[in-house]
Every structure is written in C-alpha cells, then in structure tokens.
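Q: Structure, please.
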Amino acid sequence: MAASSAYKRVYLQGIDISASVRSVEVEDNDRLIDRAVVVMNDSSGAGAEAPREGNTLLVDMGWSDNHAVLFEGELIQVGNTAQGCDPKTVTLTALDLSYRIRKRPFQATNHVGTLSAIVQAIVTRDPAAGITIGQIAPGNDPTFTAQAPLRQTTQNDWDFIMAMAARYTCRAFVEYNGGASKFYFVAVTLLTQGDSLGTLSQSGMSGRLTRFSYERLAAQADALRTTAVVDPVSGTPVTSPDPVQPTEPPHTPSPAAAQAGGSQLDNALSVMGQATDLPQSQRPQRFVAGTPSDPARATTDATQDPTRALGFIARGACVGAVMLRAKGQVDVAGVSGWASGRWYVRKARHVVRTTSSGGMAPGYTTEFELTR
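A: Sure, this is the predicted structure:
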C-alpha cells in the first residue's frame, strides 16, 4: 500500500470523464437507495450542457492496486457552481438503479404466490429497468392465496418491497456485482452469519482507523416485540415465542493495560460488568397490536432485528477501504474492550478527492456507521 495512490474512474453514459473529476463520493446504505455525488471542473462553462437527468453513471474507485466498481446508477440532478475567483464546477448526483423501480407509476395489485415469487415478479415486470435478480432468500417465505392475497394498495413498487423487507426482517437492495446491477432480497440473519469483510484497526494502511466513537443505549436496541393472535380454525390464542436474546460482550482489558497489571479504568469497568441490572433488562419492549388472525404472523411480527439487538452504535472514519460495504460485517480491533469484535455495517461513505476541499486533504477516505 505504500506505493499505492487514490484511484477513480467515472463513466457517464459509458464515456470516461475521470480527467475532469475533482471529487467523487459514494454513500452505501443498508436501508436507503445508494447515492453518488461527482464534482467536475468546468472552466469553460460548457460542462453543464452535456449531462442530463436519466444518464447512467458508473464509479470505479479505491486504490491503484485495489479498486472496484462501487456504484452504478442514474443521474437525478445536475448543478453548476460559479463563485468569486473559484473555478466553475458541475455537480452530478445519481441514485443506484433501484431508483428505476422507485419511480414507476403506482399500480394496485393483489399478489398471489410465495413471498419470494411475488418480489421477483415485481422487480422484473419492467425489463427496461436493466436489473437482474441476484438472490431472493427471505428467512420466512409465506404463501398468499387468492382468498387472502398480499395487497399492494397505496405504495409504489419500491416502497412496497421495502415494506415487505421490514415486515419479514430482510434487506432489499440493488448492488453492482459480477459486471451488472443485481437485486437482492435477503434475510438479515443470512447477512449476519457471513464472513467478516475485513478488520478496522489502528495499524496498517487500508482500513486504519483515524476516528472512532461509540455508545451503547438500551433505548437504541431494537424493541423486543410480542404478539398474540387468534387461530381462525380452533379459536385458541397463539402467542409468539420469545426470540433468543444475545448477551452483552464481556469487557476485556486492553493489551497494554493487561501487561501493566490492569488500569484503574479497566478495573472499574470489570466491576461495572458485575452489575445485576444489565442492559438486557433495560431494552424496550413492544406489543404489536392489530395483527390479523393468522398464526404465521405471530412469529414473523415478533422477530427482532439482530443488527441492533444490543443497542450499540459506532461512527468513525478510516483510510479508504474498498471492502467496507453496507449490509456486511466488519471486525474492529485495537479499541476499547467492549467495542472490539464484530459489527454490522449500517452505512459506508467512500470519498476520493484529487484537490483539497472543505479542509479535507486529497486522497481516499471512508466514513462509516456500525451497529450491533
């Protein structure tokens, strides 16, 4: 990495415009449509005439010896800026190709079939969107009949898919993978069972932490949901089982403190870890009201989101790391004992700058938000 330099390639409608790019930013979010912002030099003032909303934008970024396509999308906004003696610039803002599903006109539909088949049919009913199916793997795949269909009444296709993802504890997203943008509808449990994307630590180059802060609040944890429905056949009440609760990670002294016999802070934290009223008992609990008389919904509505079951949230920045992507897991090392370990990546913002801007030096950095 010592001889490596920040790398960027930006293609507008398949044309390489990298030579004019001052900075490029790609924000990868686990629940929102991904966004890219590209700032270009436009000394002649003619640059703003070329791009148009609807043009495709593809961004390949990282380091010269380790880079990847992090974004493919569609322009939604073109703006130009001219202020004082500063050079003129053009700013291109794009959203990933799930935006093409989002902007479809509303179409009321009574869906019949399995959840996975319904989701696939919604995504592919407009071939012009140019999105292929990557993986559809909900943990719970219920079947809907003509007598009890899955009704899409007031939501467009993308909002309806996101509502189904929230109901069945899944993530729905479009990701550039294998040379094309692909759609994924995956259970969160599968995302949290995969391998780590890599390690963020205070040493090394790519992924070296430059800023890290975290907090733990019981109120930030996903609520423990409880449901009770009536079986329409027998008339007996059906109560959802209690989901398995993760335990708090134990505090381990930092390596330096352990060699020195333990610092006062580490000793104090060890005593705090023996408290009888632990955060597990402080997590919010919620009863899901209005559940229809469907026993299958009892278990579904009581599922807890494992990506924020403990109420931990961390924010920070590191030397640019292409491997850091939302909806994956990353290991954190070399920080406080409670913060070390595996985290879920909620958001990653990759930025490459060729010139200083806003007090930021040229180079490649990654800002992130983690939960667990």
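Q: From now on I want contacts and neighbour counts done on CA atoms only, so please keep to that.
A: Will do.
Q: got the residue ranges for the helices in the stretch 51-200 of the chain?
A: Under the criterion DSSP state H, counting those that start in this stretch, helices of the stretch 51-200 of the chain are mapped to 98-102, 115-124, 157-167, 188-193.
Q: no wait, the stretch 251-372 of the chain
A: In the stretch 251-372 of the chain, the helices defined using DSSP H, counting those that start in this stretch lie at 255-259, 264-272, 295-301.
Q: Would you reformat the helices of the stretch 51-200 of the chain as CSV and include mean neighbour count and distance to Thr371?
A: Shown next, in CSV, are the helices of the stretch 51-200 of the chain (neighbours: other C-alpha atoms under 10 Å; distance: least, C-alpha to C-alpha, whole Å):
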stretch, mean neighbour count, distance to Thr371
helix 98-102, 20, 24
helix 115-124, 17, 27
helix 157-167, 18, 17
helix 188-193, 16, 11
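Q: Turn those into a markdown table, including distance to Thr81 and mean pLDDT.
A: Formatted as a markdown table, the helices of the stretch 51-200 of the chain follow (distance: least, C-alpha to C-alpha, whole Å; pLDDT from 0 to 100):
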| stretch | distance to Thr81 | mean pLDDT |
| --- | --- | --- |
| helix 98-102 | 26 | 94 |
| helix 115-124 | 37 | 95 |
| helix 157-167 | 33 | 94 |
| helix 188-193 | 41 | 89 |
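Q: how about the ones you listed in CSV, adding distance to Gln13?
A: Listed next are the helices of the stretch 51-200 of the chain as CSV, based on distance: least, C-alpha to C-alpha, whole Å:
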stretch, distance to Gln13
helix 98-102, 16
helix 115-124, 23
helix 157-167, 24
helix 188-193, 33
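Q: Scan this protein for its longest strand.
A: Using DSSP state E, we find that the single longest strand of the chain is strand 66-81.
Q: partner strands of it, parallel or antiparallel?
A: strand 56-63 (antiparallel), strand 89-96 (antiparallel) (DSSP bridges).
Q: nearest to Gly311, of the ones you listed?
A: strand 89-96 (29.5 Å; C-alpha to C-alpha).
Q: mean confidence score for that closest one?
A: Mean pLDDT, strand 89-96: 94.
Q: In contact with the closest residue to Asn140 other than its chain neighbours, which residues?
A: Nearest non-adjacent residue to Asn140, counting by C-alpha to C-alpha, 6 or more residues apart in numbering: Tyr168, 6.8 Å away. Residues in contact with Tyr168 (C-alpha atoms under 8 Å, 6 or more residues apart in numbering) are 138-140, 187, 300-301.
Q: what pLDDT does Arg283 get?
A: Looking at Arg283, the pLDDT reads 68.
Q: Ser206: which of the helices of the stretch 51-200 of the chain is closest?
A: helix 188-193 (23.1 Å).
Q: what's in contact with the closest one?
A: Helix 188-193 is contacted from outside by 139, 169-171, 305-307, 327-329, 344, using C-alpha under 8 Å, 6+ apart.
Q: when you check those residues against the strands, which ones overlap?
A: Using DSSP E, the contacts of helix 188-193 in strands are 170-171, 329, 344.
Q: Buried members of the contacts of Tyr168 into PyMOL, please.
A: The PyMOL selection below is limited to those of those classed as buried (16 or more other C-alpha atoms under 10 Å):
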select buried, resi 138+140+187+300+301
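Q: where does this protein have its least confident helix or strand?
A: When the helices and strands of the chain are scored by mean pLDDT, DSSP states H and E, helix 255-259 comes last with a mean of 57.
Q: Which positions are bridged to the closest residue to Phe173 other than its chain neighbours in the beta structure?
A: Spatial nearest neighbour of Phe173, chain neighbours left out: Tyr184 (5.4 Å); criterion: C-alpha to C-alpha, 6+ apart. Bridge pairing for Tyr184 (DSSP bridges) gives the partners Gln135, Phe173.
Q: Please look at Tyr184 and Cys170 and confirm they touch.
A: No. The pair Tyr184 / Cys170 is not scored as a contact, 9.7 Å apart, by C-alpha atoms under 8 Å.
Q: so how far is Asn140 from Arg297?
A: Applying C-alpha to C-alpha, to the nearest Å, the value for Arg297 to Asn140 is 10 Å.
Q: sorry, back to before: please pick the buried ones from the ones in strands among the contacts of helix 188-193.
A: 170-171, 329, 344.
Q: These: which two are farthest apart?
A: Spanning the widest gap among these are Cys170 and Gln329, at 15.5 Å by C-alpha to C-alpha.
Q: Please identify which of the contacts of Tyr168 is nearest to Gly79.
A: Among those, and counting by C-alpha to C-alpha, the member closest to Gly79 is Ala187, at 38.1 Å.
Q: Might you report the residue contacts of that closest one?
A: For Ala187, the contact set (C-alpha under 8 Å, 6+ apart) comprises 137-139, 168-171.
Q: what stretches of the stretch 151-300 of the chain score poorly on pLDDT?
A: Within the stretch 151-300 of the chain, the segments meeting pLDDT under 70 span 231-232, 240-283, 289-296.
Q: No further questions, thank you.
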